[in-house]
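Asker: Pasting a predicted model and its sequence here:
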Amino acid sequence: MFFNRFSPERVGVVFAVLSALGFSLKAIFVKLAYMAAPVDAVTLLSFRMIFSLPVFLWVALASMRAGPPISRRDWAFLTVLGLFGYYGSSILDFMGLQYISAGLERLILFTYPMLTILIGVAFMGKSFDAREVKSMVLSYAGIGLAFAHDLRVASEVRQVVIGASLVFCASLSYAIYQAYSETAIRRFGVARFSSLATLVSVAATEIHFFIAQPVSSLVQSAPIYFYGIAMAVFSTILPVFMLSAATRRIGASRSVLIGALGPVLTVFFGWWLLDEGISSAQVVGTALVLSGVLLVGSVRKKDPGASISPASAPTDSSKKSEAPERLLPKDARKDS
């Protein structure tokens, strides 16, 4: 395999960057869908999940057949992570956008890398890495500059407080998912965890949709279906598995720090595909974020064994819960 020529750490960095690229396209697809036809956010989110369902269901069934049975406690763990992940964070984010600008929303939402690291330090016995701190400072300074021109002074303070609180809760929800996904990946493997946790998110999203919207909302024009499929493939399926693979190789902290590249990529695609202007602050911010990504993506100069992150190192518990490699289907083995 092509990626076998590189160290697990370098492969993890590549996966994290590609994941950030895919997630950054989500906002572009949403804006293009809004321009194409009148459609609400819950319906768009529902299409994103519906079109993602077959792939995650197929991977989940394959991994369930290959691996050992999952206990009730593990199912509860997966369910909680699925609710915090691509369902909880997305719903809270959409709700917050009703009250605050997109620029302020992005600034608050991308506090999740810092929150992920803090959760690891406070509850999981981890410690700060000097490069992670430097990368965090550079990345957040860049994000602040890149979206400074979008910030507006609102006339209604209460609305800003409500919207900012909702988006911060969305960021915290995703940070919890990301922080504990490292433990889940060790226990279940990349394919199994990604598919099962996302299936929980799909189920929660569709339950929310059918409670909030009439079934007739599923009847939309062709462009809406097209953008729904695009969001499913390029902004859900591919980045979800790539992010999990990155987390396995370089850990949750470094994966989410590299994810700070996402807002800058959104600015670029907005300029390229939506004719949105780019200010000098965005250019400087882009340079700072890229510097932070390069810093966190550089490989430590240590002994060969040190390049394997804790997330990819085998543990006694993972040996007991993981299926033998020879029993896994080919698609599942690619993540090993």
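Answerer: Right, received. Where do you want to start?
Asker: Give the lowest-confidence helix or strand of the protein, using mean pLDDT as the measure.
Answerer: helix 316-321 (a mean of 39; mean pLDDT, DSSP states H and E).
Asker: which stretches of the stretch 151-300 of the chain have low pLDDT?
Answerer: Scanning the stretch 151-300 of the chain for pLDDT under 70 picks out the ranges 151-157, 276-277, 282, 293-294, 296-300.
Asker: all strands of it, in order?
Answerer: Across the stretch 151-300 of the chain, reading from the start of the chain, there are no strands by DSSP state E, counting those that start in this stretch.
Asker: Measure how buried W75 is and give me the count.
Answerer: 12 (other C-beta atoms under 10 Å). Yep, even glycine has a C-beta here, placed from its N, CA and C like the rest.
Asker: Let me see the contact set for F29.
Answerer: In this structure, F29 makes contact with Y227, A230, M231, F234, S235, judged by C-beta atoms under 8 Å, 6 or more residues apart in numbering.
Asker: repeat that with 10 Å
Answerer: Neighbouring residues of F29 by C-beta atoms under 10 Å, 6 or more residues apart in numbering: 44, 48, 226-232, 234-235, 269, 273.
Asker: Which strand or helix spans it?
Answerer: Secondary structure here is read from DSSP states H and E; on that basis F29 sits in helix 8-36.
Asker: Just after that helix, pick out the following helix or strand.
Answerer: Sequence order places helix 41-66 as the next helix or strand after helix 8-36, per DSSP H and E.
Asker: elements contacting that next one?
Answerer: On a contact count with 3 or more C-beta pairs under 10 Å, 6 or more residues apart in numbering; DSSP states H and E, helix 41-66 meets helix 8-36, helix 89-96, helix 190-212, helix 222-232, helix 238-258, helix 330-333.
Asker: ok so, going back, now neighbour count and distance to Q220 too, for the contacts of F29, in CSV please.
Answerer: Conversion of the contacts of F29 to CSV gives the following (neighbours: other C-beta atoms under 10 Å; distance: C-beta to C-beta, whole Å):
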residue, neighbour count, distance to Q220
L44, 21, 9
R48, 25, 13
F226, 14, 10
Y227, 26, 10
G228, 24, 8
I229, 16, 12
A230, 19, 14
M231, 26, 13
A232, 22, 14
F234, 17, 19
S235, 23, 18
F269, 18, 23
L273, 13, 21
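Asker: any idea of the angle the lengthiest helix in the chain forms with helix 89-96?
Answerer: As far as residue count goes, and with DSSP state H defining each element, the longest helix of the chain is helix 157-188. Relative orientation of helix 157-188 versus helix 89-96 (axes from the mean of the first three to the mean of the last three C-alpha atoms, to 10 degrees): 170 degrees.
Asker: In helix 157-188, which residues are buried?
Answerer: Using 16 or more other C-beta atoms under 10 Å as the burial criterion, the residues of helix 157-188 that qualify are 160, 162-164, 166-188.
Asker: helices and strands around it, which ones?
Answerer: Packing partners of helix 157-188 (3+ C-beta pairs under 10 Å, 6+ apart): helix 72-82, helix 89-96, helix 102-109, helix 112-123, helix 190-212, helix 238-258, helix 316-321.
Asker: what's the most buried one of those?
Answerer: The highest mean neighbour count among those, using mean count of other C-beta atoms under 10 Å, belongs to helix 238-258: a mean of 27.
Asker: Show me what that one is packed against.
Answerer: In terms of contacts (3+ C-beta pairs under 10 Å, 6+ apart), helix 238-258 is packed against helix 8-36, helix 41-66, helix 112-123, helix 130-146, helix 157-188, helix 190-212, helix 280-297.
Asker: count of neighbours near the residue nearest to S90 when sequence neighbours are not counted?
Answerer: What sits nearest to S90 in space, not counting adjacent residues and going by C-beta to C-beta, 6 or more residues apart in numbering, is L45, at 5.9 Å. L45 has 24 neighbouring residues, counting by other C-beta under 10 Å.
Asker: quick one: L45 from V39, how far?
Answerer: In this view, L45 and V39 are 11 Å apart by C-beta to C-beta, to the nearest Å.
Asker: so what's in contact with these two at the same time?
Answerer: Going by C-beta under 10 Å, 6+ apart, residues that sit against L45 and also against V39 are V30, G228.
Asker: Does V200 touch A184 like I think?
Answerer: No - V200 is not in contact with A184 according to C-beta atoms under 10 Å; the separation is 11.8 Å.
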